[in-house]
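*Asks:* Structure of the sequence below:
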Amino acid sequence: MSITAEFFRRPLMTGAIAASSRRLAYAMTEGVGLEKARLVVELGPGTGVFTDAILARLAPGTRLVAIELNPALAARLAATRRDARLTVIQGSAAELAAVVGGPADAVVSGLPWTVMSQTQRAHTLDAVTEVLTPGGRFSTFAYLHAAWTPPARHFTTELSRRFDRVERSAVVWQNLPPAFVHRATRKP
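*Replies:* Residues are numbered from 1 along each chain as shown. Sure thing, here's the model as predicted:
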């Protein structure tokens, strides 16, 4: 099963027609403190491109909890990644505080924020800030071609309201479509 097949089967749940590139995965995991984290949460891991990049940066004792809504993708990720640090949970990112089991040092998200309803997006962002430790980092991406749309601009505004500092990476042109990363730091 590919991400393209899942997109056509469930476009609002999957959100992407192609898997993210390794270059975008590198940008998503750069500068969020994964090397020193004790607990990291990944939202919407899909086929595991970001999962692999996260695991490559984690220390041996660090836990990674990956929460995937799509049952087929969650099952595939759990079956193909054999790493004792990884726990895959099939469920909603909005309920992450209930399933994580402690404060997270970082949250890395592959969720399709702009296809969510405003209420769902706000609820999920509230859950992210609730689970992050003070000073914890949040990383997510956006497609360049959609950055000007009202949902994307609203999402950027919501990040600024919830986080102490929000940064935007350079464009990752090697991704299809080109994308950039939002990195945000929770208020201490």
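
*Asks:* make it CA atoms for all contacts and neighbour counts henceforth
*Replies:* OK.

*Asks:* Just confirm residue 90 contacts residue 70, I think it does.
*Replies:* Yes: under the criterion of C-alpha atoms under 8 Å, residue 90 lies in contact with residue 70, with a separation of 7.0 Å.

*Asks:* which residue ranges form the helices in this protein?
*Replies:* Taking DSSP state H to define them, one finds helices in the chain at 3-9, 11-14, 22-29, 49-57, 71-80, 96-100, 118-131, 150-162.

*Asks:* give me the low-pLDDT residue ranges for this structure?
*Replies:* Scanning the chain with the threshold set as pLDDT under 70 gives 1-17.

*Asks:* centroid residue for it?
*Replies:* With distances taken as C-alpha atoms, centre = their mean, the residue of the chain nearest its centroid is residue 109 (0.8 Å).

*Asks:* can you tell me which residues contact that one?
*Replies:* 42-45, 138-141 (C-alpha atoms under 8 Å, 6 or more residues apart in numbering).

*Asks:* Kindly recompute the last result at 6 Å.
*Replies:* For residue 109, the contacting residues are 42-43, 140, by C-alpha atoms under 6 Å, 6 or more residues apart in numbering.

*Asks:* Switch those residues over to TSV; also include neighbour count and distance to residue 159.
*Replies:* Listed next are these as TSV, based on neighbours: other C-alpha atoms under 10 Å; distance: C-alpha to C-alpha, whole Å:
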residue	neighbour count	distance to residue 159
42	26	17
43	26	16
140	22	11
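
*Asks:* Relative to residue 185, which of those is nearest.
*Replies:* Among the contacts of residue 109, residue 140 lies closest to residue 185 (C-alpha to C-alpha), at 11.9 Å.
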